[in-house]
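# Following is a predicted model, sequence given first.
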Amino acid sequence: MTNRSNTAGINFKNVFWLFLVVAMAACTPANLRVIKNPEMENWDGKRGRYQNLYPPRYGYLEETEYDRIDFLESHERRPHKYSLLEDPRGDIDRTLGYDPLKYSVAPDLKMLRQPAHTIQITWLRHASFLIQLGEEYQILVDPVIEELDGMVGLFGKYTEIGTLYADSPLATRDLPFEDGSWNPGRNQINIVAISHDHYDHLNYNTLKKLPPDTNYYIPLGLQREFPSRFINVTAMDWYTRDQLGDLTITFLPANHRSGRSMYERDQNLWGGWLFEWKGYRLYFAGDTGYGDLFKDIRNRYGEMDVCMLPITAWFQRHWHFAPEDALLAAQDLDCNALIPWGWGTWIMSFEHMLEPPRRLRYAFGQIQPENMELIILKMGETYFLDSSERLEDND
């Protein structure tokens, strides 16, 4: 006599495991590569999470002499009470006097679609950059052009720290990304590089509007949750590199963290990206606090032509740069040009929206770093380099 209840239980288990396998396969990109560093020992088995390689120089809410300087005009200072990000030292209205239109320009779409310079770097907003190398490589770094995704995007807009204060200077459809299958005569390689999975750096609403042949470079561990619609995905460990044509892409560490919810903290890596092409080195740091890691990066890879570094949210100074920290890191890296980012889009911290660039200009004037250019772009503005400049530098 057959025990129907046992048979049903066995069948249910089989169906459950089959569903689980199918679900996991559906979440795995079709052409997934994982590049691990066998020498990397940054997994904390006791706590079950990744950890930073270098201790940060500063701690939470630690201040320096720059914090005692008032960078605001009198008409920009007014008390204000926040509910989600209350400053224990006393709050001010962090957007008073800030007009995003004064810090935005309409991008030159013709130049973006037909690059006129050897290297073009366009700041879109927050951490989002379009880096163009000749007419061959189109690199989007941390593109957040559409509305924030997930529950944060759904409900965050009703909070003061989720309110968007600056629109993207261009729409996703205006990006010079072309689908190679539809335009095979165009020698163009589309690349997206993600520094970490926080909502202001990883935006699936933007990614799903890009061509299907886009090459995605992501931190190790993030591949477990990267949707299968993205077919060309490379997950990279710290200090590993990949070659795409004559472009070398390296994933580097940062002092930060990861996680899109309180239940998945530091389960995948975070970091910055180094792009090396025809003798140029372009470095995007991702969110990070200051420490010795930048000297290590310089010792491993040499001086940098352009450094794109964050300058906001320094109340968490172990995880974020203050403007003067960005300047110190740029010196450690021997950066020829420093482009700051992170300010002007959202309320990220206790500081006023206009304080980061002003504080950076002040620090630059105080420190006066040699052989470094400070490039404070407006949203939508393009910084460019030409090969003739490289030849002049080498003479």
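Good, I have the coordinates.
# S83: how many residues sit nearby?
Neighbourhood size, S83 [other Cβ atoms under 10 Å]: 8. (Each C-beta comes from the backbone N, C-alpha and C, glycine too.)
# contacting residues for the residue lying closest to E276 once chain neighbours are set aside?
Spatial nearest neighbour of E276, excluding adjacent residues (Cβ to Cβ, 6 or more residues apart in numbering): T248 at 4.2 Å. Applying Cβ atoms under 8 Å, 6 or more residues apart in numbering to T248 gives the contacts 241-242, 274-277.
# do the same with P79
90-93.
# for the host helix or strand of Y362, packing partners?
Y362 is part of helix 355-367, with elements assigned from DSSP states H and E. Here helix 355-367 touches helix 323-332, strand 335-341, strand 373-374, going by 3 or more Cβ pairs under 8 Å, 6 or more residues apart in numbering; DSSP states H and E.
# quick one: which of those is nearest R49?
R49 sits nearest to helix 323-332 of all these, at 24.4 Å, using Cβ to Cβ.
# P310: which of the helices and strands packed on helix 355-367 is closest?
Nearest of the helices and strands packed on helix 355-367 to P310, taken as Cβ to Cβ: strand 335-341 at 5.9 Å.
# any idea of the mean pLDDT for the closest one?
Per-residue pLDDT over strand 335-341 has a mean of 98.
# now swap in stretch 171-183 and tell me
The average pLDDT for stretch 171-183 rounds to 80.
# if we can go back for a sec, report the separation between the residue nearest to E276 and L282.
T248 is 11 Å from L282, where distance means Cβ to Cβ, to the nearest Å.
# Need the residues touching each of these two.
274-276.
# Pick the one among those closest to L148.
Distances from L148 to the shared contacts of T248 and L282, taken by Cβ to Cβ, are shortest for F275, at 26.2 Å.
# ok, that closest one - contacts?
131, 133, 139, 247-249, 281-284.
# Taking those residues, please make a ChimeraX selection of just the buried ones.
One line in ChimeraX is enough to select the buried ones among these; burial here means 16 or more other Cβ atoms under 10 Å:
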select :131,133,139,247,249,281,282,283,284
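# Just the closest of the contacts of F275 to R265, please.
Nearest to R265 among the contacts of F275, with distances taken as Cβ to Cβ, is F284, at 23.4 Å.
# Quick check: that closest one touching A193?
Yes: at 7.4 Å, F284 and A193 qualify as touching, with contact defined as Cβ atoms under 8 Å.
# which residues do those two both contact?
Counting by Cβ under 8 Å, 6+ apart, the shared contacts of F284 and A193 are 141-142, 273.
# neighbours of the closest residue in space to K157 that isn't next to it in sequence, just the number please.
Using Cβ to Cβ, 6+ apart and skipping residues adjacent in sequence, the residue nearest K157 is T163, 6.3 Å away. T163 is flanked by 12 other residues according to other Cβ under 10 Å.
# Show me which residues of the helix holding Y362 are buried.
Quick answer for helix 355-367 (16+ other Cβ under 10 Å): 355-360, 363-364.
# Could I get the CA-only coordinates of it as PDB?
What follows is helix 355-367, C-alpha atoms only, in PDB (Å, rounded to 0.1, in the frame of the first residue of the first chain):
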ATOM      1  CA  GLU A 355      29.900  73.500   1.400                       C
ATOM      2  CA  PRO A 356      31.800  70.700  -0.200                       C
ATOM      3  CA  PRO A 357      33.100  72.600  -3.300                       C
ATOM      4  CA  ARG A 358      33.800  75.700  -1.300                       C
ATOM      5  CA  ARG A 359      35.700  73.800   1.300                       C
ATOM      6  CA  LEU A 360      37.700  72.000  -1.400                       C
ATOM      7  CA  ARG A 361      38.700  75.300  -3.000                       C
ATOM      8  CA  TYR A 362      39.800  76.600   0.300                       C
ATOM      9  CA  ALA A 363      41.800  73.500   1.100                       C
ATOM     10  CA  PHE A 364      43.400  73.600  -2.300                       C
ATOM     11  CA  GLY A 365      44.500  77.200  -1.700                       C
ATOM     12  CA  GLN A 366      45.900  76.300   1.700                       C
ATOM     13  CA  ILE A 367      47.800  73.200   0.700                       C
END
